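Asker: Output the structure for:
(2 chains)
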Amino acid sequence: MIRLRTLQGPALTLSLLALLWVIVLVMLLALKPSVFSLGTMTSIIQFSTILALVSLGQALVIMAGGAGIDLSVGGIVSLSAIVAMLFVKLGLPPVLLPAACILIGTFLGALNGILVTKLTLLPLIATLGTFFIYSGLALALTGGAAQSGVPTWLLGWGRGTLAGIPLTFLTIALPAFAITGIVLVWTAWGRWIYAMGFNERSARLVGIPVDRARLILYAASGALGGAAALVSVAWLGSARANIGQNLELESLTAAMLGGIAITGGRGGVGGVLAAVILLVTLRTGLLQLNVNTVWQVGIVGTLLIFVLLADRLSQHWR
Amino acid sequence: MTAPFLAARGIAKRFGALTALSGVDLDINAGEVLALLGDNGAGKSTFIKILAGAHAQSSGELLVEGAPVSFASPKDAASSGIATIFQELALSENLSIAENVFLGRELKRSVLGIPFLKRGEMRKRVDALLTELDAHISDPEAPVGSLSGGQRQAVAICRALNLNAKLVIMDEPTAALAVAETRKVLSLTRRLAERGCAVVLISHNISDVFEVADRMVVFRRGRKVAERLRADTNPEEIVSLITGAHPDVRALERTN
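Answerer: As a prediction, this is how the structure comes out:
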């Protein structure tokens, strides 16, 4: 019985998201059946891959508490893509492009972590600052021009599909979620993240290396941003300075929708992935129905408030 | 009588010009519940912070099982077998009982350097501890957030036992508890002593202290003013020692 009750939070979020997803699909089916095709599904998942990777990092940072938030994720995606491509232009062997994207992302994320843990800046402010720095730098380095020159073997990976599912989703996003899920649920590290997210003082008292863990999680968020940059480069065939635009707010929305408590210490990665797919499906559907972008944003906002309300009410009833 | 588990000799603590403690001699024995009593600011909290490694004494020495020790941090104290249960308990409400008991020192099996939890084994250990303490908590997987104040004390005590603590310091364990819960925690305290632990209990509640303590030590204005066995004293005497109305205390304070 007690076990059931503890599962109520995540299970409730997941079932709510699934229900909403079905509603979106049914509405789409009623309004425009032609939308349903393998191509649409492929493109939904393709779009989801980037947001999913970034949202996963966002979720980890928020879960670890200490008012954790990473507003710079969009900037990290743009800047990692740009800098990695510039390195290739400067003579870095193209084989190393994937590693470069992820390493640069990790470095940028670790910088956030240092600001937050070593210099004890408020995460909201520190990452707002680095968001402007990273995205500004991405623009300044390129003057806004897309950087082409992606090797063709990378394009094959970025645009390839297996049974209609993009390879990038299968080889990066899915493993990243699986590994994170396993770490959170089955390892001591996972327990530490939940403990420090919920009650930092007690985590410190029992000797959990809170600052080190938090630094690593910001770096992980950066690494996932770098992976998202890699996916964008491989998919679009060029590095674009504006590729990360709006990702900070979208990833935040996905994390909240997915049941991550903004105060830390609660939530799981399954909900985040479900929320990402719901968000992208909704957006694609609205696009297909020619709904004005302004309304799209409004609908996502309403959805967010609705889900948070449901979660809050369920806690009251308990 | 065997040697005390912990002996304090001439412990003093000064914060700048303020003397918080001076010349405290105290023996703490295994298997005994020792109550520290005193008004606010009498020095008992400072004293247990020295025992717990949170403060260093200005002078005097601590002997654990006869060997002098110096604690630079609570970790040092813990490795000497001293565990403190803080007033605010330091539990994570979103984790289960078993996870809290093992938090920071999980049982794990390392696969490629990744510390996977041994959930079954941790669960079994906690189950055994809870049964031993007769804590009436059936499911070690229940989240701590769903427990009552007394049950949380039991979890904190489990945690201390799991660290192989030989001295458990409890700071006002019954302060925020209802009557039935208080009884439970007091019987847990007793059981802890019967298990061979030394227990130091801080409390303002005289009747609680008389129910559970073997020996009482009264602090007043940074000094130990009295030490009584429960059999040799009564609540009135203890209260007069705390307030300073007792002739012994008056005599002591006149000489200074």
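
Asker: Residues of the stretch 51-200 of chain A that sit close to chain B?
Answerer: The stretch 51-200 of chain A has residues A:183, A:186-189, A:191-192, A:194-195, A:197-199 near chain B, with proximity defined as Cβ under 8 Å from any Cβ of the partner chain. C-beta here means a position set from N, CA and C on the backbone, and glycine is covered the same way.

Asker: Return the residues of chain B in contact with chain A.
Answerer: B:74-75, B:86, B:88-96, B:99, B:103-106, B:108, B:114-117, B:139, B:141-143, B:146.

Asker: Can I get the buried part of the residues you listed as one PyMOL selection?
Answerer: Command for PyMOL that selects the buried part of these, burial taken from 16 or more other Cβ atoms under 10 Å in any protein chain shown:
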select buried, chain B and resi 74+86+89+90+91+92+93+94+95+96+99+103+104+106+108+115+116+117+139+141+142+143
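
Asker: Can you pick out the ones from the residues of chain B next to chain A that are in strands?
Answerer: Mapping the residues of chain B next to chain A onto strands (DSSP state E) picks out B:108, B:114-117.

Asker: So which elements touch the helix or strand where B:Ala12 lies?
Answerer: Assigned by DSSP states H and E, B:Ala12 belongs to strand B:6-15. For strand B:6-15, the elements it packs on are strand B:18-28, helix B:44-51, strand B:59-64, judged by 3 or more Cβ pairs under 8 Å, 6 or more residues apart in numbering or on different chains; DSSP states H and E.

Asker: what lines up beside it in the sheet?
Answerer: strand B:18-28 (antiparallel), strand B:59-64 (antiparallel) (DSSP bridges).

Asker: how far is that strand from where the chain is centred?
Answerer: 17 Å (Cα atoms, centre = their mean, to the nearest Å).

Asker: Help me confirm that B:Ala83 comes into contact with B:Ile157.
Answerer: No. Contact criterion Cβ atoms under 8 Å: B:Ala83 and B:Ile157 do not qualify, at 9.1 Å.

Asker: shared neighbours of the two, which are they?
Answerer: B:Val168 (Cβ atoms under 8 Å, 6 or more residues apart in numbering or on different chains).

Asker: Looking at the two, which one has more neighbours?
Answerer: B:Ile157 (28 against 23; other Cβ atoms under 10 Å in any protein chain shown).

Asker: Just after the strand or helix carrying the more buried one, pick out the following helix or strand.
Answerer: Assigned by DSSP H and E, B:Ile157 falls within helix B:149-162. Downstream of helix B:149-162, the first helix or strand assigned by DSSP H and E is strand B:167-171.

Asker: how about low-confidence regions in chain B?
Answerer: In the predicted model, chain B carries pLDDT under 70 at residues B:1-2, B:87-89, B:256.

Asker: Quick one: residues in contact with the helix or strand where B:Val200 lies.
Answerer: B:Val200 is located in strand B:198-202, with elements delineated by DSSP H and E. With Cβ under 8 Å, 6+ apart as the test, strand B:198-202 has contacts from B:5-6, B:28-36, B:44-45, B:48, B:51, B:166-173, B:189, B:192-193, B:209, B:212-213.

Asker: Stretch B:38-52 now?
Answerer: B:6, B:8, B:11, B:13, B:20-21, B:24, B:26, B:36-37, B:55-57, B:62, B:71, B:74, B:77, B:82, B:84, B:167, B:169, B:171, B:200, B:202, B:218-223, B:242-243.

Asker: Among the ones in strands among the residues of chain B next to chain A, pick out the one closest to A:Ile76, please.
Answerer: B:Ile114 (25.3 Å; Cβ to Cβ).

Asker: Identify the residue spatially nearest to that closest one, adjacent ones excluded.
Answerer: A:Thr187 (5.8 Å; Cβ to Cβ, 6 or more residues apart in numbering or on different chains).

Asker: so what pLDDT did that neighbour get?
Answerer: Looking at A:Thr187, its pLDDT stands at 91.

Asker: and it, what is it in contact with?
Answerer: So A:Thr187 contacts B:108, B:114-117 (Cβ under 8 Å, 6+ apart).

Asker: Considering those residues, which is situated nearest to A:Leu56?
Answerer: B:Ile114 (17.7 Å).

Asker: pretty sure the closest one contacts A:Ile179?
Answerer: No. Between B:Ile114 and A:Ile179 there is no contact under Cβ under 8 Å: 9.5 Å.

Asker: State the number of residues packed around B:Ile50.
Answerer: By other Cβ under 10 Å, the residues close to B:Ile50 number 24.

Asker: If you could redo that for A:Val233, that was the one I meant.
Answerer: 29.

Asker: That one: helix or strand, and which one exactly?
Answerer: Once you assign secondary structure using DSSP H and E, A:Val233 falls within helix A:210-236.

Asker: Okay, and the beta partners of the residue nearest to B:Ile114?
Answerer: Beta-bridge partners, per DSSP bridges, of A:Thr187: B:Phe116.

Asker: Pull the distance from stretch B:216-228 to the chain's centre.
Answerer: Counting by Cα atoms, centre = their mean, stretch B:216-228 comes out at 17 Å from the chain centroid.

Asker: Can you dump the C-alpha atoms of that stretch in CSV for me?
Answerer: Only the C-alpha atoms of stretch B:216-228 are listed here, as CSV (Å, rounded to 0.1, in the frame of the first residue of the first chain):
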residue,chain,number,x,y,z
MET,B,216,22.2,13.1,36.0
VAL,B,217,24.6,15.9,35.6
VAL,B,218,23.6,19.5,36.1
PHE,B,219,25.3,22.4,34.4
ARG,B,220,25.0,25.9,35.5
ARG,B,221,26.8,29.0,34.2
GLY,B,222,29.3,26.9,32.3
ARG,B,223,30.2,24.6,35.2
LYS,B,224,29.2,21.2,36.3
VAL,B,225,27.5,21.9,39.6
ALA,B,226,26.2,18.5,40.5
GLU,B,227,26.2,14.8,39.6
ARG,B,228,23.6,12.5,41.0
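
Asker: Buried residues in it, which are they?
Answerer: Those would be B:216-228, for stretch B:216-228 by 16+ other Cβ under 10 Å.

Asker: Repeat that for stretch A:234-248.
Answerer: Result for stretch A:234-248 [16+ other Cβ under 10 Å]: buried residues A:234-241, A:243-244, A:247-248.
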